[in-house]
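Visitor: sharing a model that was predicted from the sequence below.
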Amino acid sequence: MRFDILTLFPGIFEGYLSESILSDAIKKGALEVNLYNMRDWANDKHNTMDDRPFGGGPGMVLKVDRVVPCVEEVRSYDARPGRIVMMTPQGRPLTQRVVEELAREERLILLCGRYEGFDQRVVDILQPDEISIGDYVLNGGEVAATVIIDSVMRLLPGVLGDEDSATFDSFSTGNRTLEEDQYTRPREYRGLAVPEILLSGDHGLIDKWREANRRQKTFFRRPDLLFGGDSSEDDPQ
Ligand code: ADE
């Protein structure tokens, strides 16, 4: 899968892209990530990317005549048109269901805004999939874009080993429970012992304990997952 990230702050991604699972996956060829600085498409002597909003008000707006040519040019770098994703708090909420949908694409072009956002005509012309990672406001779309890459990439073939398979993750399609409590050595710490059943070697009993633990935890923390309501199975799409 190919990711193209369009941002005014490419440096934000560098540490993240060079660490752990992601850099391994890039080395293995399971995904390719390209970073573009949108400022390279500013064609005036001050490299202007933003301007004051018509009608007044605080903040600055990213200019349509900079952003659209940038996206169009980057899109032409590969025969696969891909899906343009705009990171914005006005977008549809990101859930595991949306992540699964994005993971089926061959290419994602991630547009990260700053300031007060993009000129509305960027949306009108490019018709991106507008996505929000939650009802809070970040300084820009960069952190949201890393959330998309991180959550999508773990669903791509060859990225996770079998032992860390994403199939049983909480929120994945068909799974409506949180994960069970996990323990490792030592068996006792500060008077807190590991539940006996997990040490019993009886895998039938262990599976039953885990299932009960998942359901109890979900019941108290996220009853919406068990009884419908706002869960990834009924996202507003
Ligand atoms: N940009 C700023 N806030 C955001 C959010 N909550 N989700 C996605 N992009 C954003």
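Guide: Nice, thanks for sending it over.
Visitor: use CA for all of it now, contacts and neighbours both
Guide: OK.
Visitor: what stretches of this structure score poorly on pLDDT?
Guide: 162-164, 229-237 (pLDDT under 70).
Visitor: point me to the residue sitting farthest from the middle of it.
Guide: When distances to the mean C-alpha position of the chain are computed (C-alpha atoms, centre = their mean), the maximum falls on Gly191, with 39.1 Å.
Visitor: what strand or helix carries Phe220?
Guide: Taking DSSP states H and E as the criterion, the element that holds Phe220 is helix 203-221.
Visitor: three-state assignment of the residue nearest the centre of the chain?
Guide: Closest to where the C-alpha atoms of the chain average out (C-alpha atoms, centre = their mean) is Ile148, at 1.9 Å. Reducing the assignment at Ile148 to three states with DSSP: H, G, I helix; E, B strand; the rest coil gives helix.
Visitor: what separates the longest strand seen in the chain from the chain centre, distance-wise?
Guide: Here the longest strand in the chain is taken by residue count, with DSSP state E as the criterion, and it is strand 83-93. The chain centroid and the centroid of strand 83-93 are separated by 11 Å, computed with C-alpha atoms, centre = their mean, to the nearest Å.
Visitor: give me the distance between Phe220 and the ligand.
Guide: 26 Å (C-alpha to the nearest ligand atom, to the nearest Å).
Visitor: count of neighbours near Ala144?
Guide: Using other C-alpha atoms under 10 Å, the number of residues around Ala144 comes to 22.
Visitor: check Lys45 too.
Guide: The tally of other residues near Lys45 (other C-alpha under 10 Å) stands at 6.
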